[in-house]
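Chemist: Here is my input; please provide its structure:
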Amino acid sequence: GALSYTPSVDYEYGSTASIAGRLGFSFPPGKRNTTADKNNTTNASSDEIFEYRSQVNTDMAALRSDLKSRDQQIEELKAKLEALLKQQPNQNNAESAPGAEATAELVALLRKQIKHLEEQTSSQEGEISKLRDENRSLRTNLNAVMKKLGLKFQ
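Modeler: All right, here's what the predicted structure looks like:
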């Protein structure tokens, strides 16, 4: 196809501004090769699907790693909390130990942090589940496309 532009000319007074004018399109007669277009589209879309699936798998691996790290942090904090709770009765027996208030604040802080980490864990588990479902759907769609093309997919 072609695109053409002709500036407007006022014959009595000369040329007008160059932005005025006529714009034209021309397309050669003929038929499009739709088979080649479909093959190019399919190849591009299967490459995009492979790339997207690889990105989804990378994201899931990163989330799993974060999840393991968070689980370790939760376990460490729970162990510290248990140790502090075991020490607290011993301090309560002593007459108003000066660190009892600080220990109580630390216990409250640890409980809050554990709760926050557990909430993040459940949120990431939901995201991992969503990514798995999306990955499964992509695999199904890719298998259907590959089957139409007569290709095999692992």
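Chemist: what mean pLDDT does the helix or strand where Phe50 lies have?
Modeler: Counting by DSSP states H and E, the element that carries Phe50 is helix 34-93. What helix 34-93 shows for mean pLDDT is 76.
Chemist: let's number from 13 now, not from 1
Modeler: Taking 13 as the first residue, the last one we looked at is helix 46-105.
Chemist: after that helix, next one along is what?
Modeler: Next in line after helix 46-105, if elements are assigned by DSSP H and E, sits helix 112-161.
Chemist: Does anything pack onto that following helix? Which helices or strands?
Modeler: In terms of contacts (3 or more C-beta pairs under 8 Å, 6 or more residues apart in numbering; DSSP states H and E), helix 112-161 is packed against helix 46-105. (C-beta placed from N, C-alpha, C; glycine too.)
Chemist: Can you list the helices and strands that the helix it packs on packs against?
Modeler: Counting by 3+ C-beta pairs under 8 Å, 6+ apart, helix 46-105 packs on helix 112-161.
Chemist: Taking helix 46-105 as reference, get the angle to the helix it packs on.
Modeler: Relative orientation of helix 112-161 versus helix 46-105 (axes from the mean of the first three to the mean of the last three C-alpha atoms, to 10 degrees): 160 degrees.
Chemist: measure Arg151 to Ala116 for me?
Modeler: Distance of Arg151 to Ala116, computed by C-beta to C-beta, to the nearest Å: 53 Å.
Chemist: hang on, I meant Arg148
Modeler: Arg148 is 48 Å from Ala116, by C-beta to C-beta.
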